[in-house]
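Student: 3D model of this:
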Amino acid sequence: MASTTHKLDRIAISVKSHMLLRQLLKENPMLEEIMRNARNETEALIGVRNWVLEAIKKNQAAYDFYKKEAHGRDAFEKLTWNDFAAIRILDYIDNAGREFDDLNLRGEKAISNPVQLIWLAVTYGTGGAKPYFFKDMLMLFRQFTGEYERNTPTREKVEAWMDRWCSGLDPRIVKLREENRERILKIIIDKIDKGEIKDSKFFFPDELSQEQKYLKALDWWNDRLFHLRFAVRSPDLLNELLDNSLDPDTMKVLYEAESKGIPFFVNPYYLSLLHVRVPYFAVGADLAIRHYVVYSQQLVNEYGNIVAWEKEDKVKPGEPNAAGWYLPNDHNIHRRYPEVAILIPDTMGRACGGLCASCQRMYDFQRGNLNFNLDKLKPGQSWDEKLVELLDYFEKDAQLRDILITGGDALMSSDKSLEKVLEKVYQMAENKIAANKQKPDGERYAQIVRVRLGTRLPVYLPQRITPELVRILGDFKKKASKTGIRQFFIQTHFESPMEVTPEAREAIKLLNSAGWTVTNQLVFTAAASRRGHSAKLRKVLNEIGVINYYTFSVKGYMENNFNFATNERAVQEQMEEKVIGKIPEKYYSTIKDFPNNADSIIKEMSELMKESGLPFLGTDRNVLNLPGVGKSLTFRTIGITRYGRRILEFELDHTRNHSPAMKEMDKVIIIESKSISEYLRQLEDIGEDTSDYESIWGYSIGETEQRIPIYEYPDYDYEITDKFTNLDLRG
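Tutor: Numbering: from 1, shown residues only. Below is the predicted model of the structure:
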């Protein structure tokens, strides 16, 4: 490895890199003096360190934060813009020469030593650092010296950005989707007429006219099974249903994806949300949706080599996972935290209503654990027995109080299968209560207080939300409430305000009527990260009765490079846009009661926004779902590659409980898959004015937000045990 690094150090820098370096030195005479006088990289490091230390020691709060003697949100908010830069420079020096496994490059070694790269460039014109690296250095030292300041946008500016984005409730957008629906249905009718599609449920009697066939197909549109049966599974059909609007380069990528074995599954309803006739008033408005349907070249290149992002998803029989938990098997239960575990049924709930291009479980699609062979996913005879065994794990665990049923997608299960799972959950909760009665106070186990269903179907296929499903959910809530279960959540995933359609609004209304609170987890893709986009989504969701829960940075490695928005942008969005929806603490008691009144949540949220003057309720937290560690946005930028990709060191989210086995876990290193320059260039390519994002360069430190009380677990009326079960404490 040393010889490889030595070779890279001897590579000449480009003309553009030279120009940026010259600008860097011109603006920073002290830096140039240090570099010119240093006889080697060590002297360069010492010189820069002494210069920056002298400056940061003038602010004790910043110096304490750098030395890690001050922690938390309060300490973070005391830092000035210049402090961010000083801390980053010192962290770069403290970590100079460290090697990291770069899983974006299939495990190649990445070495961070930016001061050395500057010194090599000044002294020899070598080091191989790219223009992206020098641009980042130029902005860093401008920030340190005060040349580059942060201009925080006003509320009026943020609202102007929000106004750029249409929602799917806009009558003009509704009209366009109706045109799309008509085109799609006519193509399907034609294929049925030609015998290209045959189905025992969806067919036309011979005597029907074309108009009658269309009216019948319109009825089918309201049937979820129609959309699953006629889901697009090939690039050619995708293009045909989009009126052959995909360009040749896109089709080439999709053909490669098909040959690589990447599944296609886009149902007609969701496909109707994509623009074919692009409206002048909503250019680019559907990109956050489109980028979920159309695969990227990076995903195609990496498929077959994707590694599991979640360390705790790698389970060997009889061994604890990365968080220390023993699990019944390697694919039905996932667990990271003491209080909650995920249940993935062996039913159609292991599938989805569509495949998102940046799916966090693409690794499982790659190895065949997840798929769209819907007939093969119907529960077998052994599932009933297996389900009892799986729920016995919850029943016998000392700390579990929250069960998240997901997949795949929980609502892809049939009504019968879902009702059976919920009935077994109810019985398990009852059994846990009965067992607790035999235990003294202080030794009792945590009882189940929260049940969640993870589903994207209110977005992907709102036709799934039927009166029968609402009955099942409502009946379960009434019965389970008597056992002490007090919170009932549907966790869904709206990616764009353009996904909030009249059909989706009705689906949310039905779920709320069953007494279930609907929360949203947004994946912060490049298209979704455009200024004002996430803020507009929060507002539109609040208006239809959805509470915002998480804004997740895209996870994964190079396979998700195209959709990746840097973590610096996530901090910027939190600090500059979501902040206009920050809820004063005096309203916490009000919002904490929202889940108890799901059927009137629209009215309650509207009244709170009116009283508080907020445009939306910023109840979500911006985080990255880290391998092993969990959800966090607590990080410091400790390195940068010669390609300008930043290296972040993340810590646990200290606002929540973790497995005791995590206390000794090393901090998690994330090498971002693209540089700030590359991210900004991508935004420019999709029509953004990158001057609106100028402050992104300076966000090199993150601190996880406090959880809003709405997501806290209800208190018990007894003292639970402090012991753990199903846990390996040897670590």
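
Student: Please report phi then psi for the residue of the chain positioned farthest from its centre.
Tutor: Distance from the centre of the chain peaks at Glu207, with 50.2 Å (C-alpha atoms, centre = their mean). Dihedral pair for Glu207: phi -80, psi 0, per degrees, to the nearest 10.

Student: pLDDT below threshold where in the stretch 51-200 of the chain?
Tutor: The stretch 51-200 of the chain contains no residues with pLDDT under 70.

Student: And whichever strand or helix holds Ile192, what does it pack against?
Tutor: Element membership for Ile192 (DSSP states H and E) is helix 171-193. Helices and strands touching helix 171-193, by 3 or more C-beta pairs under 8 Å, 6 or more residues apart in numbering; DSSP states H and E, are helix 210-220, helix 235-241, helix 268-271. Heads up, the C-betas are built off the backbone N, CA and C, glycines and all.

Student: most neighbours per residue, which of the ones you listed?
Tutor: helix 268-271 (a mean of 24; mean count of other C-beta atoms under 10 Å).

Student: Residue ranges in this structure under the pLDDT threshold?
Tutor: Those would be 1-6, 311-313, 381, 628, 664, 666, 730-731, if you go by pLDDT under 70 across the chain.

Student: ok so, going back, make JSON lines out of the helices and strands packed on helix 171-193 and add distance to Asn369.
Tutor: Shown next, in JSON lines, are the helices and strands packed on helix 171-193 (distance: least, C-beta to C-beta, whole Å):
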{"stretch": "helix 210-220", "distance to Asn369": "31"}
{"stretch": "helix 235-241", "distance to Asn369": "24"}
{"stretch": "helix 268-271", "distance to Asn369": "23"}
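
Student: among those helices, which is nearest Glu577?
Tutor: helix 268-271 (26.9 Å; C-beta to C-beta).

Student: can you pull the contacts of the residue farthest from the centre of the chain?
Tutor: Taking C-beta atoms under 8 Å, 6 or more residues apart in numbering, we find Glu207 in contact with no residue.

Student: Tell me how far it lies from Gln706.
Tutor: 66 Å (C-beta to C-beta, to the nearest Å).

Student: Out of the helices and strands packed on helix 171-193, which gets nearest to Ile197?
Tutor: Closest to Ile197 of the helices and strands packed on helix 171-193 is helix 235-241 (C-beta to C-beta; 10.2 Å).

Student: which other residues reach that closest one?
Tutor: With C-beta under 8 Å, 6+ apart as the criterion, helix 235-241 contacts 183-184, 187, 232, 245-246, 251, 254-255, 257-258, 264, 266, 268, 271, 293.

Student: Repeat the analysis, applying 10 Å as the threshold.
Tutor: Here helix 235-241 makes contact (C-beta atoms under 10 Å, 6 or more residues apart in numbering) with 180, 183-185, 187-188, 191, 230-232, 234, 244-247, 250-258, 264, 266, 268, 271-272, 274, 276, 293-295.

Student: Please pick the buried ones from those.
Tutor: With burial judged by 16 or more other C-beta atoms under 10 Å, the buried subset of those is 180, 183-185, 187-188, 230-232, 246, 250-251, 253-254, 256-258, 264, 266, 268, 271-272, 274, 276, 293-295.

Student: Can I get the strand or helix carrying Lys603 in PDB? Just the C-alpha atoms.
Tutor: Lys603 is part of helix 601-612, with elements assigned from DSSP H and E. The C-alpha coordinates for helix 601-612 follow below in PDB (Å, rounded to 0.1, in the frame of the first residue of the first chain):
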ATOM      1  CA  ILE A 601     -55.000  15.000  13.500                       C
ATOM      2  CA  ILE A 602     -55.400  17.300  10.500                       C
ATOM      3  CA  LYS A 603     -57.500  19.700  12.500                       C
ATOM      4  CA  GLU A 604     -55.100  19.600  15.500                       C
ATOM      5  CA  MET A 605     -52.000  20.200  13.400                       C
ATOM      6  CA  SER A 606     -53.700  23.000  11.500                       C
ATOM      7  CA  GLU A 607     -54.700  24.700  14.700                       C
ATOM      8  CA  LEU A 608     -51.200  24.400  16.100                       C
ATOM      9  CA  MET A 609     -49.600  25.800  13.000                       C
ATOM     10  CA  LYS A 610     -52.000  28.700  13.000                       C
ATOM     11  CA  GLU A 611     -51.400  29.500  16.700                       C
ATOM     12  CA  SER A 612     -47.600  29.100  16.400                       C
END
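
Student: For the next helix-or-strand element following it, which helices and strands make contact with it?
Tutor: Under the assignment DSSP H and E, the closest C-terminal helix or strand after helix 601-612 is strand 621-626. Judged by 3 or more C-beta pairs under 10 Å, 6 or more residues apart in numbering; DSSP states H and E, strand 621-626 is in contact with strand 517-524, strand 546-553, helix 567-576, strand 630-632, strand 646-650, strand 668-671, strand 701-702.

Student: Give me the sheet partners of the first one and which way each runs.
Tutor: Counting by DSSP bridges, the strands paired with strand 517-524 are strand 487-492 (parallel), strand 546-553 (parallel).

Student: May I have stretch 517-529 as CSV, with CA atoms only?
Tutor: Extracted in CSV, the C-alpha atoms of stretch 517-529 (Å, rounded to 0.1, in the frame of the first residue of the first chain):
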residue,chain,number,x,y,z
THR,A,517,-50.9,7.8,13.2
VAL,A,518,-49.1,8.1,9.9
THR,A,519,-45.5,9.3,10.0
ASN,A,520,-43.1,9.9,7.1
GLN,A,521,-39.5,9.0,6.5
LEU,A,522,-38.0,11.0,3.7
VAL,A,523,-34.9,9.8,1.9
PHE,A,524,-32.8,12.9,1.2
THR,A,525,-31.7,12.1,-2.4
ALA,A,526,-30.0,14.6,-4.6
ALA,A,527,-33.3,15.5,-6.3
ALA,A,528,-35.1,15.7,-3.0
SER,A,529,-32.4,17.9,-1.5
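
Student: how far does it sit from the chain's center?
Tutor: Centroid displacement of stretch 517-529 relative to its chain, using C-alpha atoms, centre = their mean, to the nearest Å, is 7 Å.

Student: Including mean neighbour count and distance to Leu457, could the strands paired with strand 517-524 go into TSV?
Tutor: Formatted as TSV, the strands paired with strand 517-524 follow (neighbours: other C-beta atoms under 10 Å; distance: least, C-beta to C-beta, whole Å):
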stretch	mean neighbour count	distance to Leu457
strand 487-492	23	8
strand 546-553	24	14
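
Student: how close does Leu648 sit to Arg88?
Tutor: Taking C-beta to C-beta, one finds Leu648 at 11 Å from Arg88.

Student: Ok, Met362 next?
Tutor: Taken as C-beta to C-beta, the span from Met362 to Arg88 is 32 Å.

Student: just the CA coordinates of stretch 249-269, formatted as CSV?
Tutor: Taking Å, rounded to 0.1, in the frame of the first residue of the first chain, the C-alpha atoms of stretch 249-269 are listed here in CSV:
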residue,chain,number,x,y,z
ASP,A,249,-28.6,6.8,-23.0
THR,A,250,-31.2,6.1,-20.3
MET,A,251,-32.5,3.0,-22.2
LYS,A,252,-28.9,1.7,-22.6
VAL,A,253,-28.5,1.9,-18.8
LEU,A,254,-31.9,0.1,-18.3
TYR,A,255,-31.0,-2.7,-20.7
GLU,A,256,-27.7,-3.2,-18.8
ALA,A,257,-29.7,-3.3,-15.5
GLU,A,258,-31.9,-5.9,-17.0
SER,A,259,-29.0,-8.1,-18.2
LYS,A,260,-27.4,-7.7,-14.7
GLY,A,261,-30.5,-9.1,-13.1
ILE,A,262,-31.7,-6.0,-11.3
PRO,A,263,-35.5,-6.3,-10.9
PHE,A,264,-38.0,-3.9,-12.5
PHE,A,265,-41.3,-3.4,-10.8
VAL,A,266,-43.2,-0.2,-11.4
ASN,A,267,-47.0,-0.3,-11.0
PRO,A,268,-49.2,1.7,-13.5
TYR,A,269,-50.5,4.1,-10.8
